[in-house]
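Asks: Predicted structure and sequence below. I'll ask about it afterward.
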Amino acid sequence: MNITGTITKDAEIRTTTRGKKYVNFNVAVNDSYRNREGQRVKHTAFFNCTYWISTGIASLLTKGRAVELIGLLNASAWKDKQGELKASMNLNTSEIKLVGSGKQADNQTQLPVVATTDLDAEHLPF
């Protein structure tokens, strides 16, 4: 799946119980359409994203930066402590293209940075 959106908070480097490091970040994707009455309706979808290949890109994934992502999408559902159903969309990211400047901008044009790899069993933590 290919999505383009904005990072909602700075990326974090996390570690699995087996010691594998990965980058975790969240992306908001905005969309709008006109309903039957002709009114513009805005909708935002949020994606939890993980990048398993290299943690070096984490410092570039800052709040407000626009990114293009390619990866494998999956959904999860669970009940919280109060018994309410919750759901999330998760993107196991295989390619990241930086297209925005984020909070570390210096008002200069930046060339996109692409981090990519093939997702295969060797790179996944499970």
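Replies: Arrived safely, thanks for sending.
Asks: Residue 58 - how many residues pack around it?
Replies: 19 (other C-beta atoms under 10 Å). Bear in mind the C-beta positions are built from the backbone N, C-alpha and C, glycine included.
Asks: ok now do it, which residues does it touch?
Replies: 11-13, 23, 25 (C-beta atoms under 8 Å, 6 or more residues apart in numbering).
Asks: Now the two most distant members of those residues.
Replies: Pairwise distances across these peak at 10.2 Å for 13 and 25 (criterion: C-beta to C-beta).
Asks: Which one of those two is surrounded by more residues?
Replies: The residue with more neighbours, out of residue 13 and residue 25, is residue 25; 26 against 14, by other C-beta under 10 Å.
Asks: Please verify my assumption that the more buried one contacts residue 11.
Replies: Yes - under the criterion of C-beta atoms under 8 Å, residue 25 makes contact with residue 11 at 3.8 Å.
Asks: Give the residues shared as contacts by those two.
Replies: Listed contacts common to residue 25 and residue 11 are 58, 61; contacts here mean C-beta under 8 Å, 6+ apart.
Asks: re earlier: pLDDT and secondary structure for the contacts of residue 58 - can I get that in a markdown table?
Replies: What follows is those, written out as a markdown table (pLDDT from 0 to 100; DSSP: H, G, I helix; E, B strand; the rest coil):
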| residue | pLDDT | secondary structure |
| --- | --- | --- |
| 11 | 97 | coil |
| 12 | 97 | strand |
| 13 | 97 | strand |
| 23 | 97 | strand |
| 25 | 98 | strand |
